[in-house]
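Enquirer: following is a predicted model, sequence given first.
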Amino acid sequence: MKIATFNINNISRRLPNLLQWLKSARPDIVCLQELKAADAEFPADEIAKAGYRAVWRGERTWNGVAILSRGGAPIVTRTALPGDPNDRQSRYIEAAIDGILVGCLYLPNGNPQPGPKFDYKLAWFKRLTAHAKKLLAQDIPVVLAGDYNVAPTELDIYATKSWDDDALIAPESRAAYARLIKQGWTDAIRTLHPDAPMFTFWHYMRNRWPRDAGLRLDHLLLSPQLAARLKDAGIDRDVRGKPNASDHAPVWIELGAAKQSRKAPAKSKAALKG
């Protein structure tokens, strides 16, 4: 099974890029972020023609998340992150697909910091960590995939001082990510590529894509049940170089088949009588 996450940065504008990538990469499950489209504007028909069923939570100007499936239909379990009923931003959707619980998230950027936007980022992160802990306690296969808006370590950003005051690499942001991982989640990309930068985002400004001046912001975190099935992981970097591209590239993992539990053989009637 192949699971991917892709910050599409406006699904209407990037739809041809998305459809081309779906055709070539053929992921089984896809988490999308930054739809920048209202619910009614989601291109459900085009996605269906590409062979995918979809669930989504849109937002007209910013945000918006979706989960696509090439196999079984996604069964929605949540359309918002719990913990704040007054939070109306479309940043989280969760669905069960083919025996896996998929959480698709778009964590707040947090800039400028310090300030209200950074406070919201840290509060959202705290809510995510609380929800993630409950998911782990259920002892089920879970993937939390999306744009976390955090470059966790110095390896996850190109050599520069220009981002030193940015919320993406702020000590508080990195500490929040580390606390989440410490619960027992596996960072799939970093696990299989421990020494490579593996950038997923290149800003449009200052020629950063041609210079490979990137950051690793998009992550797939796996519960122990899925971590045991992890076979491969990578980034489709070439998608970022296409015309009219998103400033993010798709990130993907491949999972092996789930192991079948062995049941003790049933006793015969003779043995039960005996």
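Expert: Yep, it's here.
Enquirer: contacts, neighbours, all on C-alpha from now
Expert: Noted.
Enquirer: residues in contact with residue 220?
Expert: 5, 143-146, 187-189, 252-253 (C-alpha atoms under 8 Å, 6 or more residues apart in numbering).
Enquirer: which stretches in this structure count as strands?
Expert: 2-7, 29-33, 53-57, 65-69, 75-78, 92-97, 100-106, 142-147, 186-187, 218-222, 230-235, 251-255 (DSSP state E).
Enquirer: tell me the helices and strands packed up against the fifth one.
Expert: Going back to what we said before, that points to strand 75-78. Counting contacts by 3 or more C-alpha pairs under 8 Å, 6 or more residues apart in numbering; DSSP states H and E, strand 75-78 packs against strand 92-97.
Enquirer: which residues does residue 35 contact?
Expert: Residue 35 neighbours (C-alpha under 8 Å, 6+ apart): 8-12, 58-59, 62-66.
Enquirer: out of those residues, which are buried?
Expert: For those, a neighbour count by 16 or more other C-alpha atoms under 10 Å gives the buried set as 8-11, 58-59, 62-66.
Enquirer: please tabulate those in TSV, including the columns pLDDT and distance to residue 1.
Expert: TSV is the format used below for those (pLDDT from 0 to 100; distance: C-alpha to C-alpha, whole Å):
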residue	pLDDT	distance to residue 1
8	98	21
9	98	25
10	98	26
11	98	24
58	98	26
59	97	30
62	92	30
63	98	27
64	98	25
65	98	21
66	98	19
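Enquirer: on that earlier part again, so which of the strands of the chain comes closest to residue 43?
Expert: Proximity of the strands of the chain to residue 43 was assessed by C-alpha to C-alpha; the nearest stretch is strand 53-57, lying at 9.7 Å.
Enquirer: so what touches the closest one?
Expert: Applying C-alpha under 8 Å, 6+ apart, the external contacts of strand 53-57 come out as 39, 42, 44, 47-48, 64-70, 73-74, 76, 79, 90, 92-93.
Enquirer: which stretches of the stretch 151-274 of the chain form helices?
Expert: Assigned by DSSP state H, counting those that start in this stretch, the stretch 151-274 of the chain shows helices spanning 171-182, 188-192, 224-227, 269-273.
Enquirer: could the ones you listed go into JSON lines alongside distance to residue 152, mean pLDDT and mean neighbour count?
Expert: Below are these laid out as JSON lines (distance: least, C-alpha to C-alpha, whole Å; pLDDT from 0 to 100; neighbours: other C-alpha atoms under 10 Å):
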{"stretch": "helix 171-182", "distance to residue 152": "5", "mean pLDDT": "98", "mean neighbour count": "16"}
{"stretch": "helix 188-192", "distance to residue 152": "10", "mean pLDDT": "98", "mean neighbour count": "19"}
{"stretch": "helix 224-227", "distance to residue 152": "19", "mean pLDDT": "98", "mean neighbour count": "19"}
{"stretch": "helix 269-273", "distance to residue 152": "58", "mean pLDDT": "30", "mean neighbour count": "7"}
